[in-house]
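**Q** using only what follows, build the 3D model:
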Amino acid sequence: MRDDDTIDDQVAPKGMTGRSDDAPSSVQVGVLDEPRSFRTRLGGLLNLRRRPVRTRVALAAGVLCCLGATAVAGAQALPDEPTADRAGTEAALAERSRQAASRAEIRTPVTIVPGTPTASPTVASPTAAAPTPTATRTTRPKPRPKPTPKPKPKRIVPVAGLDQAQMDNAKEIVKAGRAMGVPRRALIIAVATAMQESNLYNYASGVLPESQNYPHQAIGWDHDSVGLFQQRPSSGWGEVGQLMDPAFATRAFLTALLAIPGWEDLPLTVAAQAVQISAYPDLYAQHEWRATEVVGAILV
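**A** Prediction:
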């Protein structure tokens with residue numbers, strides 16, 4: 001056996017030119033991945049049987065070094081191939097980091113009241129929903145107290161043979177006299193005079209149709225005399241409407257009575273006649289006892 005053959009067998013095993021399966025995997029991958037022109041030239045270089053032994057050994061070593069460097073370079077370049085995908089991923093990570101930093105900078109201010117325990121401050125997100133206001137219990141306002149109705153005037157039971165309308169008119173006379181502050185004697189004289197003049201009914205006049213426009217209980221024909229005291233507007237006692245009011249008519253009568261000197265000491269019929277100037281001056285006296293009983297019943 002020749003040295004050439006020994007070296008050939010050691011350096012270039014059988015099947016080397018035909019890409020034997022005994023070649024290293026890294027060399028196979030590198031050779032397979034190269035373009036066709038490179039493989040053609042590599043095959044020419046590996047045709048070592050046509051060259052001297054030393055030359056073939058050197059060429060084989062150089063080829064192996066080149067193949068190793070190519071494999072290493074290819075292995076380093078593999079992760080860098082998807083450059084566009086990596087750039088997009090890095091941009092997305094940078095954007096998320098920026099958003100996280102901007103959220104961290106936004107904080108909701110927390111007001112702490114001195115002297116009150118406070119919980120740990122809660123950081124609210126700017127996109128968090130506003131807190132729902134707590135429903136407060138509304139108290140119904142207390143109903144206003146109903147106004148106390150005014151007491152109805154006490155209805156006095158008629159006395160001395162009077163009916164209710166007559167008793168009510170006598171009550172109006174006493175009420176107006178008390179408002180003026182006159183003594184009890186003046187009230188009795190006034191009631192007795194009304195008993196004689198109108199029988200304690202509020203009269204309108206058939207001669208004065210105007211008087212019938214006011215509340216009345218009867219109609220008389222004695223000239224223009226109207227009201228409880230049959231006072232005449234033509235004699236200056238007042239207007240028709242005024243004299244149809246029992247309170248006004250009573251004040252007009254008592255004012256005239258109090259103007260008579262010594263009226264308290266005069267007999268009832270004399271005092272009444274001094275005011276009324278009636279054609280029948282003695283008739284007032286007959287009503288004194290009844291008037292006294294009516295006034296007493298009202299003033300109780």
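**Q** my read: M180 touches L254, true?
**A** Yes. Shown here, M180 and L254 form a contact pair, counting by CB atoms under 8 Å, at 6.0 Å. Using the backbone N, CA and C atoms, a C-beta is placed for each residue, glycine as well.
**Q** which of those two has more neighbours?
**A** L254 (20 against 13; other CB atoms under 10 Å).
**Q** how much space between the more buried one and I260?
**A** Shown here: L254 relative to I260, a distance of 11 Å by CB to CB, to the nearest Å.
**Q** just A91 next, same as before
**A** 123 Å.
**Q** what of T193?
**A** Applying CB to CB to T193 and I260 gives a distance of 13 Å.
**Q** any residues in contact with both of these two?
**A** V275 (CB atoms under 8 Å, 6 or more residues apart in numbering).
**Q** give me the more crowded residue out of those two.
**A** The neighbour comparison of T193 against I260 (other CB under 10 Å) goes to T193, with 27 against 13.
**Q** contacts only, for that one.
**A** Counted by CB under 8 Å, 6+ apart, T193 has contacts F229, F253, A272, V275, Q276, Y284.
**Q** need phi/psi at it.
**A** Per-residue torsions, T193: phi -60, psi -40 (degrees, to the nearest 10).
**Q** next: G220.
**A** Torsion angles, degrees, to the nearest 10, at G220: phi -110, psi 170.
**Q** for it, which residues make a bridge with it?
**A** S205 (DSSP bridges).
**Q** list the residues that contact it.
**A** Applying CB under 8 Å, 6+ apart, the residues near G220 are S198, Y203, A204, S205, G206, V226, Q230.
**Q** how does it look with 10 Å?
**A** Contacts for G220 (CB atoms under 10 Å, 6 or more residues apart in numbering) come out as E197, S198, Y201, Y203, A204, S205, G206, V207, S211, V226, G227, Q230.
**Q** out of these, who's nearest Y280?
**A** Within these, distances to Y280 taken as CB to CB reach their minimum at E197, with 10.4 Å.
**Q** buried ones in stretch 262-275?
**A** Buried residues in stretch 262-275, counted by 16 or more other CB atoms under 10 Å: W263, L266, L268, T269, A271, A272, Q273, A274, V275.
**Q** will you turn the residues you listed into TSV that also has distance to E172 and pLDDT?
**A** What follows is those, written out as TSV (distance: CB to CB, whole Å; pLDDT from 0 to 100):
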residue	distance to E172	pLDDT
W263	22	96
L266	25	96
L268	20	97
T269	23	96
A271	21	97
A272	18	96
Q273	23	96
A274	23	96
V275	18	96
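**Q** any weak-confidence spans in the stretch 151-300 of the chain?
**A** Along the stretch 151-300 of the chain, the model assigns pLDDT under 70 to residues 153.
**Q** what about the strands in it?
**A** Counting by DSSP state E, counting those that start in this stretch, the stretch 151-300 of the chain has strands at residues 203-205, 218-220.
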